[in-house]
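Engineer: Turn this into a structure:
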Amino acid sequence: MFSNLTNKQKQRGLLILAGLFFIFGLYQLQQPVGANHVLSNGFVVAIAFWAFSRRYSQQFLEKNMVTAAITREGNELIIKQSMVNKLSRLDIPRISKITIGDNYLSCILDGNGQGFDFQLVGKACELKTHMCSILAANEQQTIQITLV
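Structural biologist: Numbering: from 1, shown residues only. Take a look at the predicted model:
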């Protein structure tokens, strides 16, 4: 059900939950301190929902677009994971398999099962379309691309 919502609806829902838990935190402050009392519980949950809602903001989505996250320079595939400030350069001729899922990209090098996993923002079909637009036709034939 959550996956059928737009990003704006997801962000609003998470912000509403953050507001409700903030109010709950204020309510907790009014209660007498007892053995089972946790002073900051409502506030902590409110902060978590607020922080998670940022992932669905327009600014975050624009900053982490698939077209900006995956680029090509010559024979190198450049993947930027801005959530963890990581930049990876992969030699395209060494890539033997690419596995793509929602918010996920995996590249296996040299057919040996070892490679790189990336957490990106985007649906699997968007990631695959962009990868196919970057790779040349002969490269697409030599690289096995799988959706999961």
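Engineer: what sits against the residue nearest the centre of the chain?
Structural biologist: For the chain, the residue sitting closest to the mean C-alpha position, by C-alpha atoms, centre = their mean, is residue 121 at 3.8 Å. Residue 121 sits next to 55, 60, 61, 64, 65, 66, 69, 83, 103 when contact means C-beta atoms under 8 Å, 6 or more residues apart in numbering. For glycine as for every other residue, the C-beta is placed from the backbone atoms N, C-alpha and C.
Engineer: quick one: pLDDT of the closest residue to the fourth one other than its chain neighbours?
Structural biologist: Of all residues beyond its chain neighbours, the one nearest residue 64 is residue 121 (4.1 Å), with distances taken as C-beta to C-beta, 6 or more residues apart in numbering. According to the model's per-residue confidence, residue 121 sits at a pLDDT of 86.
Engineer: Tell me if residue 121 really is in a helix.
Structural biologist: No - counting by DSSP: H, G, I helix; E, B strand; the rest coil, residue 121 is not part of a helix but coil.
Engineer: Can you report phi and psi for it?
Structural biologist: The phi and psi values for residue 121, taken as degrees, to the nearest 10, are phi -100, psi 120.
Engineer: where's it relative to residue 66, distance?
Structural biologist: 7 Å (C-beta to C-beta, to the nearest Å).
Engineer: what do you get for residue 10?
Structural biologist: 18 Å.
Engineer: One more: residue 120?
Structural biologist: Separation of residue 120 from residue 66 (C-beta to C-beta): 7 Å.
Engineer: got any residues that touch both of those two?
Structural biologist: residue 127.
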